[in-house]
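Participant: from the sequence below, what's the structure:
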Amino acid sequence: MAPSAFSNGGDEKEDILLSRLRQEAREIVVSGDPATHRLLEDTILSPSVNTFEDAVANVAAHRLTVFCPSAFPLQAGNEEGTLPCSPYVLRLIQSALQSSELEAGHTMKDAIREDAQAIVRRDPACGTILEAIMFMKGFCALVCHRAARRLWPNKDADGNAAPPSAQSSKGSAGNRFAALLLQSQAAAAFGIDIHPAAAIGSGVVFDHATGVVVGETATIGDGCTILHGVTLGGTAKDGSFDRHPKVGKDVLIGAGSSILGNIKIGHGAKIGSGAVVLRPIPSYATAVGAPAKIIGYAKEKRAGSEVDITLTNVEPLVSSKKVPSQESFLSQESSMGSLTSATEATTEDEDEEAVLDDGEESDAQSDNTAEVSDADEENGGTSETIGSTKGEERSESPIVLPPGCSQWFVPKTHNRDFCPFRALQCSSSCGVPAGAVTRKVLRAILLQEGCEEDEIGEVYFALLRHTSSCSDARKHGYIPPCTFKRYFPEIAAEFTKIAPCRARAIAQGDSKELKLCRRATIAFKKTFRGLRKATDKHEDRRAKSSLAFSMASAAAAVALEDTGRDELAESGDGKKLHWADKKQ
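Facilitator: As a prediction, the model looks like this:
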């Protein structure tokens, strides 16, 4: 966050941004162009401007009126020699600036201050606050959006977009059309189309801004940088109101990118220019291409502020170097078993693959997700079949399973051509250690715990980062058992709502504690058995190491005593030697 734009000056606060803005404006006036002098005198240096917000409102109203004079009529009797400015637009923006309504956790007053300062910090073409306010159309378009959002009536208690049926307050229809008028004219004037219901955080920069489209239920976090031609678009009417992307904080989105559907882009992620993103992207990932594919990890924590357009500050997902590391050595040692190849696959492995592949078969045979439950067989009860809507995704709302639930949700597979992790897909021909957790198995496990696709991607990507970039684990996209056991509970607590006790049980491969149905137990049998063996092996190694250390310490103590006794014998001190023998 930028430092405060206010400082104490006696009993009142001095508006530092306004002082800076006026100083820059006066320097331009002194330099002498008549047209510039007139523009600044009627906006920034106007006698009616008492705060930074007044200056911003004047500039935005002036620019919108100049571009759309027919939509916003001028005041009757407008004096000759002054620039046109609609009092209607000015009142709308000033009223919004005084509103206490929060958008993504910020008032409009606080947000526009952060927006202006962020432009100066990140855009090398903008050297002053005056330039950002007067000439950066992304900033003016954002001001108009923030004003329109305060007029938009269809919002829930948290300020998020709500369906039209939520409209209830008297006069809300008029506010709705006023918001749409402001939005449509801003789109015509600045070439950037932001729906009034979209939620945008502070410190957001629309660089160049031309051709940017932000849909109704889209959200953008604090500190993001979005270049021209970016689309945050939704799906067609499929019965779901929430249909647009959710962009996290400090995200960088390159020019010409399209992010489509109700998917999440994690904090600090980078989206390369021209990418087409159709699946969730985890935090601090770098994705490029069409369809988007993850190529590495963003090295900086705030990608939106660093604005690495050329993607040079990226840690590759898979290193070309083949240098063994200590981590990969320990991972392979603790995996308890030789590599499982296609020629060495057992009947259990084939059964597990068959169970996990049920989703693929159902995709080919039906548009609906098949679901199999063994509740009747194990508990003597009647199992409830929960179907899913037509399409590739699971149900929109997460299905939270109670600890004793015995249902099995078939892992519905996606089109792998769209999967952002497709470069890391494990095949039967690649060597996967016994007990290693592949993305396919991890996804199936987390689906049983009620996790969504974006949460699964976050967990998998975070686990993968704890493996060496030179190891086979990173190359083939599996998680070694020791890595999974060590980091999964912590990562699951950060990105999911899985109870800590269940996360520990999953990490240790304790299927009894999880109380899964027989079908799920078969599906995860090999993985859980490998995790249990890895756990036992890890504990055995710790016990052996502790025993070896104790024995070595005892041997060292005996050797030290013997050395001291020999020295006493050589010195001829019989009295001390007698006491040493007696003590021993």
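Participant: shaky segments in the stretch 451-584 of the chain?
Facilitator: 534-584 (pLDDT under 70).
Participant: list the buried residues for stretch 485-504?
Facilitator: By neighbour count with 16 or more other CB atoms under 10 Å, stretch 485-504 contains the buried residues Lys485, Tyr487, Phe488, Pro489, Ile491, Ala492, Phe495, Thr496, Ile498, Arg502, Ala503, Arg504. C-beta: built from backbone N, CA, C; applies to glycine.
Participant: leaving out chain neighbours, which residue sits closest to the third one?
Facilitator: Distances taken as CB to CB, 6 or more residues apart in numbering place Ala507 nearest to Phe488, at 4.3 Å, with adjacent residues excluded.
Participant: tell me which element the one you found is part of?
Facilitator: helix 500-508 (DSSP states H and E).
Participant: so what touches the very next helix or strand once past that helix?
Facilitator: The element immediately downstream of helix 500-508 (helix or strand, assigned by DSSP H and E) is helix 511-514. Here helix 511-514 makes contact (CB atoms under 8 Å, 6 or more residues apart in numbering) with Cys501, Arg502, Ala505, Ile506, Thr521, Phe524, Lys525, Phe528.
Participant: now do the helices in the stretch 351-500 of the chain.
Facilitator: 358-365, 375-379, 439-448, 453-465, 472-476, 481-495, 500-508 (DSSP state H, counting those that start in this stretch).
Participant: distance of the closest residue to Phe206 other than its chain neighbours relative to Ile271?
Facilitator: By the measure of CB to CB, 6+ apart, the closest residue to Phe206 outside its immediate chain neighbours is Gly138, 3.1 Å from it. Using CB to CB, to the nearest Å, one gets 17 Å for the distance from Gly138 to Ile271.
Participant: when the two are compared, which one has more neighbours?
Facilitator: Ile271 (28 against 25; other CB atoms under 10 Å).
Participant: what's the distance between the more buried one and Gly256?
Facilitator: 10 Å.
Participant: what's the answer for Thr312, then?
Facilitator: Thr312 is 19 Å from Gly256, by CB to CB.
Participant: what about those two, which has more around it?
Facilitator: Shown here are Thr312 and Gly256; by other CB under 10 Å, Gly256 has more neighbours (16 against 7).
Participant: which residue is the nearest non-sequential neighbour of the more buried one?
Facilitator: Gly229 (4.2 Å).
Participant: for the one you found, what are its contacts?
Facilitator: Applying CB under 8 Å, 6+ apart, the residues near Gly229 are Thr210, Gly211, Val212, Ala255, Gly256, Ser257.
Participant: if we can go back for a sec, pull out the buried residues from the contacts of helix 511-514.
Facilitator: Using 16+ other CB under 10 Å, the buried ones in those are Arg502, Ala505, Ile506, Thr521, Phe524, Lys525, Phe528.
Participant: shaky segments in the stretch 101-250 of the chain?
Facilitator: The stretch 101-250 of the chain contains residues with pLDDT under 70 at 154-162, 164-174, 237-239.
Participant: can you pull out the helices in it?
Facilitator: 108-122, 129-135, 137-151, 172-190.
Participant: got CSV for those, with distance to Lys515 too?
Facilitator: Compiled in CSV, these are given as follows (distance: least, CB to CB, whole Å):
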stretch, distance to Lys515
helix 108-122, 48
helix 129-135, 58
helix 137-151, 47
helix 172-190, 49
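Participant: these: which one's closest to Ala199?
Facilitator: helix 137-151 (7.7 Å; CB to CB).
Participant: report the angle between the closest one and helix 172-190.
Facilitator: Angle, helix 137-151 to helix 172-190, by axes from the mean of the first three to the mean of the last three CA atoms, to 10 degrees: 180 degrees.
Participant: packing partners for helix 137-151?
Facilitator: Contacts defined by 3 or more CB pairs under 8 Å, 6 or more residues apart in numbering; DSSP states H and E place helix 137-151 against helix 52-67, helix 87-98, helix 108-122, helix 129-135, helix 172-190, strand 193-194, strand 199-200, strand 205-206.
Participant: biggest separation within the contacts of Gly229, which pair?
Facilitator: Thr210 and Ser257 (14.0 Å).
Participant: looking at these two, which has the bigger crowd around it?
Facilitator: Using other CB under 10 Å, the more surrounded residue of Thr210 and Ser257 is Ser257, with 24 against 15.
Participant: check contacts around the more buried one.
Facilitator: By CB under 8 Å, 6+ apart, the neighbours of Ser257 are Leu227, Gly229, Val230, Thr231, Ile271, Gly272, Ser273, Gly274, Ala275, Val276, Val277.
Participant: quick one, which of those are buried?
Facilitator: If we count by 16+ other CB under 10 Å, these have these buried: Leu227, Gly229, Val230, Thr231, Ile271, Gly272, Ser273, Ala275, Val276, Val277.
Participant: in TSV: those residues, plus distance to Asp42.
Facilitator: Shown next, in TSV, are these (distance: CB to CB, whole Å):
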residue	distance to Asp42
Leu227	32
Gly229	33
Val230	33
Thr231	36
Ile271	40
Gly272	43
Ser273	39
Ala275	43
Val276	45
Val277	43
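Participant: from those, which ones fall inside strands?
Facilitator: Counting by DSSP state E, those place Thr231, Ile271, Val276, Val277 in strands.
Participant: tell me which of the helices of the stretch 101-250 of the chain is the most buried.
Facilitator: helix 137-151 (a mean of 25; mean count of other CB atoms under 10 Å).
Participant: between that one and helix 52-67, how big is the angle?
Facilitator: 100 degrees.
Participant: picking that back up, TSV for the contacts of helix 511-514, including distance to Arg416?
Facilitator: TSV is the format used below for these (distance: CB to CB, whole Å):
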residue	distance to Arg416
Cys501	34
Arg502	29
Ala505	30
Ile506	25
Thr521	27
Phe524	22
Lys525	25
Phe528	26
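Participant: farthest pair in these?
Facilitator: Most distant of the contacts of helix 511-514, by CB to CB, are Cys501 and Lys525, 21.4 Å apart.
Participant: what's the closest of the contacts of helix 511-514 to Met108?
Facilitator: Closest to Met108, out of all of those and judged by CB to CB, is Arg502, at 42.8 Å.
Participant: phi, psi of Ala287?
Facilitator: phi -120, psi 140 (degrees, to the nearest 10).
Participant: can you check Lys293 too?
Facilitator: The phi/psi pair for Lys293 (degrees, to the nearest 10) is phi -130, psi 140.
Participant: next one: Ala275
Facilitator: According to degrees, to the nearest 10, Ala275 has phi -70, psi 150.
Participant: wait, isn't it in contact with Gly254?
Facilitator: Yes: taking contacts as CB atoms under 8 Å, Ala275 lies within contact range of Gly254: 6.9 Å.
Participant: reformat the contacts of Gly229 as a markdown table; add distance to Ala218.
Facilitator: Output for the contacts of Gly229, formatted as a markdown table (distance: CB to CB, whole Å):
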| residue | distance to Ala218 |
| --- | --- |
| Thr210 | 18 |
| Gly211 | 16 |
| Val212 | 11 |
| Ala255 | 18 |
| Gly256 | 17 |
| Ser257 | 13 |
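Participant: hang on, the earlier thing: okay if I get the helices of the stretch 351-500 of the chain as JSON lines plus distance to Met134?
Facilitator: Shown next, in JSON lines, are those (distance: least, CB to CB, whole Å):
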{"stretch": "helix 358-365", "distance to Met134": "55"}
{"stretch": "helix 375-379", "distance to Met134": "67"}
{"stretch": "helix 439-448", "distance to Met134": "50"}
{"stretch": "helix 453-465", "distance to Met134": "40"}
{"stretch": "helix 472-476", "distance to Met134": "49"}
{"stretch": "helix 481-495", "distance to Met134": "43"}
{"stretch": "helix 500-508", "distance to Met134": "53"}
